[in-house]
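*Asks:* Can you look at this prediction? I've put the sequence above it.
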Amino acid sequence: MNLNTLEQTPFGPIVLAWSVQSERPSVARVMISSPARPAVQSAAERYPEASKSSCREVSGLADQMAAFLEGEDVTFALDLLALGDCGAFREKVLRATHAIGRGYVATYGGLAAHVGCRGGARAVGNAMATNPFPLIIPCHRVIRADRTLGSYGGGGEMKRLLLAQEGIHEDAMGRATQSQLVFGS
């Protein structure tokens, strides 16, 4: 395994774990820092034998992620991600989440119904909690049925700030506005 680290982001370091599969780079995981745990520490524990390196494609993805974190409107391609390692249901949920555009949010239940799993809000929540590609797969755009933001691997403040950069604002009750909701329930 190889690790490419973005040291300087507004939200702390981010690590891309990648390897070469079928003669092309494949990103296995994106690790974001949380208030309790820096991504670099998580990567060192998860991949103790990994070497620090990159390649043109992974460096390009890292550059896109840095731009995204600075507030730029970036649409990520999925071709470098090891989505096939996620299992069929989680991959379906992650692909649907990837389709949620900048400036929009979806509820867990609405996303579940969208992927053909009506009543599967908890299963979608589990898929979001174990999303191996945060930011690229924008799980920060998935919120609770009451339109409150809910939790996030990088912390609630990171989720709030990411959504604010995308034009998603909360009302006085802490809920995303209805007009920004897709796949609602």
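*Replies:* Done, it's in. Numbers count the residues shown, from 1 in each chain.

*Asks:* What segments of this structure are helices?
*Replies:* With DSSP state H, the ranges of helices along the chain come out as 39-46, 56-69, 88-98, 108-114, 121-129, 156-165.

*Asks:* just the CA coordinates of the first one, formatted as CSV?
*Replies:* What that stands for is helix 39-46. These are the backbone C-alpha positions of helix 39-46, laid out as CSV (Å, rounded to 0.1, in the frame of the first residue of the first chain):
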residue,chain,number,x,y,z
ALA,A,39,-5.7,11.1,9.4
VAL,A,40,-2.0,10.5,9.5
GLN,A,41,-2.3,8.5,12.8
SER,A,42,-5.2,6.5,11.4
ALA,A,43,-3.2,5.7,8.2
ALA,A,44,-0.1,4.7,10.2
GLU,A,45,-2.2,2.3,12.3
ARG,A,46,-4.2,0.8,9.4
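
*Asks:* tell me the average confidence for it?
*Replies:* When pLDDT is averaged along helix 39-46, the result is 94.

*Asks:* Next: the fifth one.
*Replies:* Per-residue pLDDT over helix 121-129 has a mean of 95.

*Asks:* Extract the C-alpha set from that helix and format it as CSV.
*Replies:* Backbone C-alpha positions of helix 121-129 (Å, rounded to 0.1, in the frame of the first residue of the first chain) are rendered in CSV as follows:
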residue,chain,number,x,y,z
ALA,A,121,-32.4,4.5,6.3
ARG,A,122,-30.3,2.7,8.9
ALA,A,123,-28.6,0.6,6.2
VAL,A,124,-27.8,3.8,4.3
GLY,A,125,-26.5,5.4,7.5
ASN,A,126,-24.2,2.5,8.0
ALA,A,127,-23.0,2.8,4.4
MET,A,128,-22.3,6.5,5.0
ALA,A,129,-20.5,5.8,8.3
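
*Asks:* re the thing from before, export the helices of the chain to CSV and tack on mean neighbour count and distance to Thr9?
*Replies:* Just so you know, the C-beta spots here come from the backbone N, C-alpha and C atoms, and that holds for glycine as well. What follows is the helices of the chain, written out as CSV (neighbours: other Cβ atoms under 10 Å; distance: least, Cβ to Cβ, whole Å):
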stretch, mean neighbour count, distance to Thr9
helix 39-46, 17, 9
helix 56-69, 17, 5
helix 88-98, 19, 20
helix 108-114, 23, 27
helix 121-129, 19, 21
helix 156-165, 17, 10
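
*Asks:* Can you name the residues that contact the residue positioned nearest the centre of the chain?
*Replies:* Closest residue to the average C-alpha location of the chain: Pro134 at 1.9 Å, with Cα atoms, centre = their mean. Neighbour list for Pro134: 30, 32, 140, 153-154 [criterion: Cβ atoms under 8 Å, 6 or more residues apart in numbering].

*Asks:* which stretches of this protein aren't confidently modelled?
*Replies:* Along the chain, the parts satisfying pLDDT under 70 run over 184-185.

*Asks:* Break it down into its structural domains.
*Replies:* As assigned by automatic domain parsing, the chain contains the domains 2-69, 86-182.
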